[in-house]
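Novice: Quick one, structure for this:
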Amino acid sequence: MNQDRTQMIREAMPAVVRSCVPGVVPFQDLGLAVTGVREEIDRGVAKVLDSGRYIGGSEVNCFEREFADYCGAGEAVGTGNGYDALVLMLRACGIGAGDDVIVPSNTYIATWLAVSAVGARVLPVEPDAQTLTIDPNRVEAALTRRTRAILAVHLYGRCANMPALREIARRRSLRLLVDAAQAHGIAHELQTDASAFSFYPTKNLGALGDAGAVVTNDAQIADRVRVLANYGSREKYFNEVRGVNSRLDSLQAAILRVKLKYLDRWNARRDEIARRYLRELVDVPNLVLPQASDDRQNTGTYHQTDGSLNTHRSSNTHRSANMVWHIFAVHHPQRERLMKRLAAEGVGTLIHYPQPPHLSEAYQDTGFVRGDFPLAERLADTELSLPLHPHLTEEEVSQVIAVTRQACLQLAPRSSAWTTHTATAGRE
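Specialist: Numbers count the residues shown, from 1 in each chain. So this is what the prediction gives:
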């Protein structure tokens with residue numbers, strides 16, 4: 001491959017592509033996620049094709065049972081995608097117009113959009129400064145008389161502080177719901193009213209298209225989701241409520257059944273890679289690493305008052321029982337410059353997420369302005385995700401580490417005072 005072609009691919013980074021250029025590490029390689037299990041997937045797909053049953057059927061029923069068992073839950077109901085799972089979960093719990101729902105200020109906008117879709121109002125709450133999941137202390141302060149539910153997010157694969165949130169929900173008679181789109185395989189017992197999963201192709205458990213599920217121990221919630229997702233119908237042509245069409249199709253269910261068998265192995269590999277990153281990038285200047293465990297001692301800490309940063313770290317990086325690595329999110333004051341330097345050296349990255357929901361055009365009518373949620377804004381300004389998928393080789397992981405270290409060292413003189421700046425420091 002000529003030099004111009006290689007340069008063109010590098011300039012296109014970050015990307016979710018098939019890896020085909022020596023020295024290039026894409027952020028994600030979806031092709032490799034299929035290669036190792038291709039024969040099993042082919043057999044599963046062929047079984048569906050031969051059955052003549054392409055909506056519902058045994059593959060969907062089996063996957064729902066298997067995924068519920070995997071999650072330690074009584075019920076799993078397949079949906080068309082993760083967003084639909086969120087909306088249907090909220091509707092099944094009776095959340096609607098006139099209700100307030102607690103949501104994280106730092107999440108993918110789908111969490112907010114689902115609340116808006118059912119006619120409820122979002123009440124954004126800032127995250128804990130270390131875990132970056134919703135802060136239970138701030139939740140308590142944000143509650144209104146119209147609050148009906150807390151919708152937590154297991155961001156990047158880290159479990160939110162569920163014991164504290166459950167206690168708040170219990171005392172205030174609130175629904176406790178979870179957006180678990182990034183938390184397939186998280187090691188905690190399901191103790192919420194319901195959780196919504198996405199099986200978007202890039203997830204730890206990804207379909208080969210859109211798919212989702214609602215998981216719950218409440219049979220009534222599960223039944224309500226099934227009815228709502230099938231045009232509001234329990235019996236064909238007889239409709240009880242105004243439902244929608246959001247069903248997990250048989251082909252995706254067959255694919256997910258195959259991949260579910262490998263999920264623990266793939267998650268273990270993600271953990272190995274994350275441990276290497278944490279171990280070998282711990283002393284890199286101005287690079288804030290994600291927290292690996294509940295000891296809260298191994299990462300930099302965002303001050304909750306103004307979003308500024310304390311870069312103290314410890315070498316303790318043992319894995320938490322409440323963590324499954326989905327995204328390895330680092331933070332740097334010159335995020336765009338770092339991203340470009342990594343791309344120039346063939347390392348793909350992505351940003352999760354460049355704009356907090358309250359500053360999006362979609363929520364202009366809420367009256368939120370910059371400064372309302374400074375920690376979410378600071379995180380959006382500085383976050384960068386390094387490659388973290390189970391098919392990375394040790395050589396590729398070494399390349400990511402070496403390139404990241406070198407790039408940060410080159411940028412260090414210009415960002416050395418970052419720890420004392422305000423939430424807007426480091427922007428260019």
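
Novice: hey, which helix or strand in this protein has the poorest pLDDT?
Specialist: Within the chain, no helix or strand scores below strand 309-310, which has a mean of 34 by mean pLDDT, DSSP states H and E.

Novice: for the helix or strand following that one, packing partners?
Specialist: Using DSSP states H and E, the helix or strand that follows strand 309-310 towards the C-terminus is strand 328-331. In terms of contacts (3 or more Cβ pairs under 8 Å, 6 or more residues apart in numbering; DSSP states H and E), strand 328-331 is packed against helix 263-280, strand 383-386. (Each C-beta comes from the backbone N, C-alpha and C, glycine too.)

Novice: The same query, at a cut-off of 7 Å, please.
Specialist: The contact analysis (3 or more Cβ pairs under 7 Å, 6 or more residues apart in numbering; DSSP states H and E) places strand 328-331 against strand 383-386.

Novice: List the contacts of the strand it packs on.
Specialist: Strand 383-386 is touched from outside by 277, 327-332, 335, 338-339, 349-352, 400, 404, with contacts defined as Cβ atoms under 7 Å, 6 or more residues apart in numbering.

Novice: at 8 Å instead, please
Specialist: For strand 383-386, contacts defined as Cβ atoms under 8 Å, 6 or more residues apart in numbering pick out 27, 277, 327-332, 335, 338-339, 347, 349-353, 400, 404.

Novice: Tell me the spacing between residue 413 and residue 334.
Specialist: Going from residue 413 to residue 334 by Cβ to Cβ, to the nearest Å gives 11 Å.

Novice: Looking at those two now, which is surrounded by more residues?
Specialist: Neighbours per residue (other Cβ atoms under 10 Å) separate residue 413 from residue 334, with residue 334 holding more: 21 against 8.

Novice: Would you list the phi and psi of residue 114?
Specialist: phi -60, psi -40 (degrees, to the nearest 10).

Novice: low pLDDT regions in the stretch 301-428 of the chain?
Specialist: 301-321, 414-428 (pLDDT under 70).

Novice: hmm, 80 instead?
Specialist: For the stretch 301-428 of the chain, residues meeting the criterion pLDDT under 80 lie at 301-321, 413-428.

Novice: likewise the stretch 151-300 of the chain?
Specialist: 187-191, 292-300.

Novice: That one: strands as residue ranges?
Specialist: 175-179, 194-198, 212-216, 233-235, 238-239 (DSSP state E, counting those that start in this stretch).

Novice: what about residue 109, how many residues close to it?
Specialist: Neighbourhood size, residue 109 [other Cβ under 10 Å]: 17.

Novice: Chain neighbours aside, what residue packs nearest to it?
Specialist: Take residue 109 and drop its neighbours on the chain: the residue closest to it by Cβ to Cβ, 6 or more residues apart in numbering is residue 357, 4.6 Å away.

Novice: I'd say the one you found and residue 124 touch.
Specialist: Yes - with contacts counted by Cβ atoms under 8 Å, residue 357 reaches residue 124, the gap being 7.4 Å.

Novice: Which residues are in contact with each of the two?
Specialist: 105, 112.

Novice: hang on, residue 377 in a helix?
Specialist: Yes - counting by DSSP: H, G, I helix; E, B strand; the rest coil, residue 377 is located in a helix.

Novice: That one touches residue 356, doesn't it?
Specialist: Yes - assessed by Cβ under 8 Å, residue 377 is found in contact with residue 356 at 5.9 Å.

Novice: neighbour count winner among those two?
Specialist: A count of neighbours by other Cβ under 10 Å puts residue 356 above the other of residue 377 and residue 356, at 26 against 22.

Novice: you'd agree that one is up against residue 374?
Specialist: No - under the criterion of Cβ under 8 Å, residue 356 makes no contact with residue 374, lying 10.1 Å away.

Novice: where's residue 276 relative to residue 286, distance?
Specialist: Residue 276 is 20 Å from residue 286, by Cβ to Cβ.
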